[in-house]
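Asker: show me how the following folds:
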Amino acid sequence: MKALGDACLGFLAGFVITTGASAYLSLDSTMAGALMFVVGLFAICSFGWNLFTGKVCYSIGKGPKYLGFLLVVWLSNFAGAAAGGGLIRLTRMEGVVERAQALCELKLSDSLLSVFVLAIFCNVMIYIAVEGYRSISYELGKYMAVFFGVTVFVVCGFEHCIANMYYLTAAGMWSGEAVVFILVCTAGNACGGLLIPAVTALARKGREKSNAEL
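Answerer: Okay, here's the model as predicted:
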(Lines give C-alpha, C1' and ligand atoms only; values in the text may rest on other atoms or scores of the structure.)
Protein backbone atom coordinates (compact mmCIF):
# COMPACT_ATOMS: atom_id res chain seq x y z
CA MET A 1 0.00 0.00 0.00
CA LYS A 2 2.89 2.38 0.66
CA ALA A 3 4.06 1.97 -2.93
CA LEU A 4 0.56 2.83 -4.15
CA GLY A 5 0.50 5.95 -2.00
CA ASP A 6 3.95 6.96 -3.23
CA ALA A 7 2.83 6.38 -6.81
CA CYS A 8 -0.29 8.52 -6.38
CA LEU A 9 1.78 11.40 -4.99
CA GLY A 10 4.25 10.87 -7.83
CA PHE A 11 1.49 10.97 -10.43
CA LEU A 12 0.24 14.27 -9.04
CA ALA A 13 3.75 15.72 -9.14
CA GLY A 14 4.26 14.66 -12.75
CA PHE A 15 0.85 15.99 -13.73
CA VAL A 16 1.29 19.39 -12.07
CA ILE A 17 4.67 19.85 -13.78
CA THR A 18 2.71 19.84 -17.03
CA THR A 19 0.75 22.93 -15.97
CA GLY A 20 3.87 25.03 -15.53
CA ALA A 21 5.42 23.58 -18.68
CA SER A 22 2.26 24.35 -20.67
CA ALA A 23 2.35 27.94 -19.43
CA TYR A 24 5.99 28.15 -20.46
CA LEU A 25 5.12 26.99 -23.98
CA SER A 26 2.18 29.40 -24.17
CA LEU A 27 4.24 32.57 -23.72
CA ASP A 28 6.58 34.31 -26.14
CA SER A 29 8.81 35.63 -23.35
CA THR A 30 11.27 33.09 -21.94
CA MET A 31 11.42 34.99 -18.65
CA ALA A 32 7.65 35.16 -18.30
CA GLY A 33 7.41 31.46 -19.14
CA ALA A 34 10.07 30.63 -16.55
CA LEU A 35 8.13 32.54 -13.90
CA MET A 36 4.97 30.57 -14.72
CA PHE A 37 6.90 27.28 -14.65
CA VAL A 38 7.44 27.83 -10.92
CA VAL A 39 3.83 26.82 -10.18
CA GLY A 40 4.71 23.14 -10.56
CA LEU A 41 7.47 22.91 -7.95
CA PHE A 42 5.64 25.38 -5.70
CA ALA A 43 2.64 23.02 -5.56
CA ILE A 44 4.84 19.95 -5.09
CA CYS A 45 6.75 21.48 -2.17
CA SER A 46 3.59 22.92 -0.60
CA PHE A 47 1.54 19.73 -0.77
CA GLY A 48 4.29 17.17 -0.19
CA TRP A 49 4.03 15.37 -3.54
CA ASN A 50 6.79 13.11 -4.87
CA LEU A 51 9.00 14.47 -7.65
CA PHE A 52 11.95 12.35 -8.77
CA THR A 53 14.28 15.30 -9.28
CA GLY A 54 13.66 16.44 -5.72
CA LYS A 55 13.68 13.06 -3.98
CA VAL A 56 16.89 11.88 -5.67
CA CYS A 57 18.77 14.68 -3.90
CA TYR A 58 18.37 12.79 -0.62
CA SER A 59 19.72 9.40 -1.74
CA ILE A 60 23.05 9.55 0.11
CA GLY A 61 23.14 7.10 2.98
CA LYS A 62 19.85 5.48 2.00
CA GLY A 63 19.55 1.75 1.34
CA PRO A 64 18.10 -0.30 -1.53
CA LYS A 65 14.54 0.46 -0.38
CA TYR A 66 15.05 4.09 -1.26
CA LEU A 67 16.18 3.14 -4.76
CA GLY A 68 12.93 1.20 -5.13
CA PHE A 69 11.05 4.27 -3.92
CA LEU A 70 12.84 6.41 -6.51
CA LEU A 71 11.87 3.98 -9.27
CA VAL A 72 8.22 4.14 -8.22
CA VAL A 73 8.39 7.93 -8.15
CA TRP A 74 10.09 8.13 -11.57
CA LEU A 75 7.53 5.83 -13.19
CA SER A 76 4.57 7.61 -11.60
CA ASN A 77 6.02 11.01 -12.56
CA PHE A 78 6.27 9.64 -16.10
CA ALA A 79 2.62 8.57 -15.97
CA GLY A 80 1.52 11.99 -14.70
CA ALA A 81 3.59 13.94 -17.22
CA ALA A 82 2.45 11.70 -20.09
CA ALA A 83 -1.17 12.03 -19.01
CA GLY A 84 -0.85 15.80 -19.03
CA GLY A 85 0.84 15.80 -22.41
CA GLY A 86 -1.72 13.44 -23.89
CA LEU A 87 -4.63 15.53 -22.63
CA ILE A 88 -3.13 18.73 -24.04
CA ARG A 89 -3.08 17.08 -27.48
CA LEU A 90 -6.86 16.66 -27.23
CA THR A 91 -7.49 20.38 -26.80
CA ARG A 92 -7.48 23.50 -29.00
CA MET A 93 -3.98 24.41 -27.73
CA GLU A 94 -2.31 23.69 -31.08
CA GLY A 95 0.23 26.43 -30.43
CA VAL A 96 1.48 24.62 -27.33
CA VAL A 97 1.80 21.38 -29.29
CA GLU A 98 3.69 23.11 -32.10
CA ARG A 99 6.08 24.77 -29.67
CA ALA A 100 6.59 21.45 -27.90
CA GLN A 101 7.51 19.90 -31.25
CA ALA A 102 10.02 22.65 -32.05
CA LEU A 103 11.53 22.38 -28.57
CA CYS A 104 11.81 18.58 -28.79
CA GLU A 105 13.48 18.80 -32.20
CA LEU A 106 16.12 21.03 -30.62
CA LYS A 107 16.57 18.76 -27.61
CA LEU A 108 16.82 15.55 -29.64
CA SER A 109 19.36 17.09 -32.01
CA ASP A 110 21.69 17.85 -29.10
CA SER A 111 24.58 15.57 -28.14
CA LEU A 112 24.05 13.19 -25.22
CA LEU A 113 27.02 14.72 -23.41
CA SER A 114 25.42 18.15 -23.66
CA VAL A 115 22.10 16.75 -22.39
CA PHE A 116 23.86 15.07 -19.47
CA VAL A 117 25.73 18.23 -18.45
CA LEU A 118 22.64 20.43 -18.78
CA ALA A 119 20.71 17.93 -16.64
CA ILE A 120 23.40 18.12 -13.94
CA PHE A 121 23.05 21.90 -13.80
CA CYS A 122 19.26 21.57 -13.71
CA ASN A 123 19.25 19.49 -10.57
CA VAL A 124 21.82 21.63 -8.81
CA MET A 125 19.15 24.32 -9.06
CA ILE A 126 16.39 21.90 -8.04
CA TYR A 127 18.39 20.96 -4.94
CA ILE A 128 18.77 24.63 -4.04
CA ALA A 129 15.01 25.05 -4.47
CA VAL A 130 13.81 22.02 -2.50
CA GLU A 131 16.44 22.14 0.24
CA GLY A 132 15.91 25.87 0.61
CA TYR A 133 12.17 25.29 0.96
CA ARG A 134 12.77 22.52 3.48
CA SER A 135 15.44 24.13 5.65
CA ILE A 136 14.98 27.92 5.53
CA SER A 137 13.05 28.93 8.62
CA TYR A 138 11.26 32.05 7.36
CA GLU A 139 8.44 31.92 4.82
CA LEU A 140 9.77 34.46 2.33
CA GLY A 141 13.10 32.63 2.11
CA LYS A 142 11.37 29.30 1.41
CA TYR A 143 9.45 30.71 -1.52
CA MET A 144 12.39 32.67 -2.87
CA ALA A 145 14.43 29.44 -2.97
CA VAL A 146 11.76 27.76 -5.11
CA PHE A 147 11.24 30.87 -7.23
CA PHE A 148 14.88 31.46 -8.10
CA GLY A 149 15.85 27.78 -8.34
CA VAL A 150 13.19 27.01 -10.93
CA THR A 151 13.39 30.30 -12.82
CA VAL A 152 17.15 30.01 -13.32
CA PHE A 153 17.05 26.46 -14.66
CA VAL A 154 14.24 27.26 -17.09
CA VAL A 155 15.81 30.48 -18.39
CA CYS A 156 19.15 28.72 -18.89
CA GLY A 157 17.57 25.83 -20.79
CA PHE A 158 18.79 23.15 -18.38
CA GLU A 159 17.30 19.67 -18.85
CA HIS A 160 14.61 18.38 -16.46
CA CYS A 161 13.68 14.75 -17.13
CA ILE A 162 10.05 14.98 -15.97
CA ALA A 163 9.32 18.18 -17.88
CA ASN A 164 10.89 16.54 -20.94
CA MET A 165 8.53 13.57 -20.57
CA TYR A 166 5.68 16.04 -20.93
CA TYR A 167 7.23 17.89 -23.87
CA LEU A 168 7.82 14.66 -25.79
CA THR A 169 4.27 13.45 -25.17
CA ALA A 170 2.66 16.77 -26.05
CA ALA A 171 4.78 16.87 -29.21
CA GLY A 172 3.96 13.25 -30.12
CA MET A 173 7.66 12.61 -30.66
CA TRP A 174 8.42 9.49 -28.63
CA SER A 175 10.98 7.17 -30.25
CA GLY A 176 13.95 5.03 -29.29
CA GLU A 177 16.10 8.14 -29.52
CA ALA A 178 13.72 9.97 -27.18
CA VAL A 179 13.89 7.14 -24.61
CA VAL A 180 17.69 7.32 -24.60
CA PHE A 181 17.45 11.09 -24.24
CA ILE A 182 15.20 10.74 -21.18
CA LEU A 183 17.46 8.13 -19.57
CA VAL A 184 20.55 10.31 -20.06
CA CYS A 185 18.64 13.29 -18.73
CA THR A 186 17.55 11.24 -15.69
CA ALA A 187 21.15 10.20 -15.00
CA GLY A 188 22.31 13.81 -15.24
CA ASN A 189 19.55 14.97 -12.91
CA ALA A 190 20.55 12.30 -10.39
CA CYS A 191 24.20 13.37 -10.49
CA GLY A 192 23.30 17.04 -10.21
CA GLY A 193 20.97 16.42 -7.30
CA LEU A 194 23.67 14.55 -5.40
CA LEU A 195 26.49 17.00 -6.13
CA ILE A 196 25.91 19.54 -3.35
CA PRO A 197 24.90 16.95 -0.70
CA ALA A 198 27.96 14.79 -1.50
CA VAL A 199 30.44 17.68 -1.38
CA THR A 200 28.80 19.03 1.78
CA ALA A 201 29.04 15.63 3.47
CA LEU A 202 32.69 15.35 2.46
CA ALA A 203 33.42 18.82 3.83
CA ARG A 204 31.63 18.01 7.08
CA LYS A 205 33.60 14.81 7.49
CA GLY A 206 36.84 16.70 6.86
CA ARG A 207 35.97 19.29 9.50
CA GLU A 208 35.08 16.61 12.02
CA LYS A 209 38.38 14.86 11.41
CA SER A 210 40.30 18.13 11.81
CA ASN A 211 38.49 18.92 15.06
CA ALA A 212 39.24 15.44 16.39
CA GLU A 213 42.94 15.96 15.75
CA LEU A 214 43.06 19.23 17.72
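
Asker: name the helices or strands packed onto the longest helix that the chain contains?
Answerer: Scanning the chain for the longest helix, with DSSP state H as the assignment, gives helix 176-213. Contacts defined by 3 or more Cβ pairs under 8 Å, 6 or more residues apart in numbering; DSSP states H and E place helix 176-213 against helix 52-55, helix 94-108, helix 112-135, helix 161-171. Heads up, the C-betas are built off the backbone N, CA and C, glycines and all.

Asker: the following helix or strand past the first one to helix 94-108, inter-axis angle?
Answerer: What that stands for is helix 52-55. Under the assignment DSSP states H and E, the closest C-terminal helix or strand after helix 52-55 is helix 64-88. Relative orientation of helix 64-88 and helix 94-108, computed by axes from the mean of the first three to the mean of the last three Cα atoms, to 10 degrees: 140 degrees.

Asker: buried stuff in helix 64-88?
Answerer: 69-70, 72-74, 76-85, 88 (16 or more other Cβ atoms under 10 Å).

Asker: with stretch 19-26 instead?
Answerer: Buried residues in stretch 19-26 (16+ other Cβ under 10 Å): 19-25.

Asker: and the host helix or strand of residue 40, what does it pack against?
Answerer: Assigned by DSSP H and E, residue 40 belongs to helix 30-47. Contacts defined by 3+ Cβ pairs under 8 Å, 6+ apart place helix 30-47 against helix 2-26, helix 52-55, helix 112-135, helix 139-156.

Asker: surely residue 35 and residue 155 touch.
Answerer: No: applying Cβ atoms under 8 Å as the test, residue 35 and residue 155 come out as separate, 9.4 Å apart.

Asker: one step back: nearest to residue 150, of the helices and strands packed on helix 176-213?
Answerer: Residue 150 lies closest to helix 112-135 among the helices and strands packed on helix 176-213, at 5.8 Å (Cβ to Cβ).

Asker: would you mark the buried spots in that closest one?
Answerer: Neighbour counts using 16+ other Cβ under 10 Å place 115-133 of helix 112-135 among the buried residues.

Asker: what's the mean pLDDT across it?
Answerer: Across helix 112-135, the average pLDDT comes to 98.

Asker: got the angle between that helix and helix 30-47?
Answerer: If you take the same axes, to 10 degrees, helix 112-135 sits at 50 degrees to helix 30-47.

Asker: neighbouring contacts of helix 112-135?
Answerer: In this structure, residues lying in contact with helix 112-135 by Cβ atoms under 8 Å, 6 or more residues apart in numbering are 41, 45, 53-54, 56-57, 107, 141-146, 148-150, 152-153, 156-161, 180-181, 184-193, 195-197.
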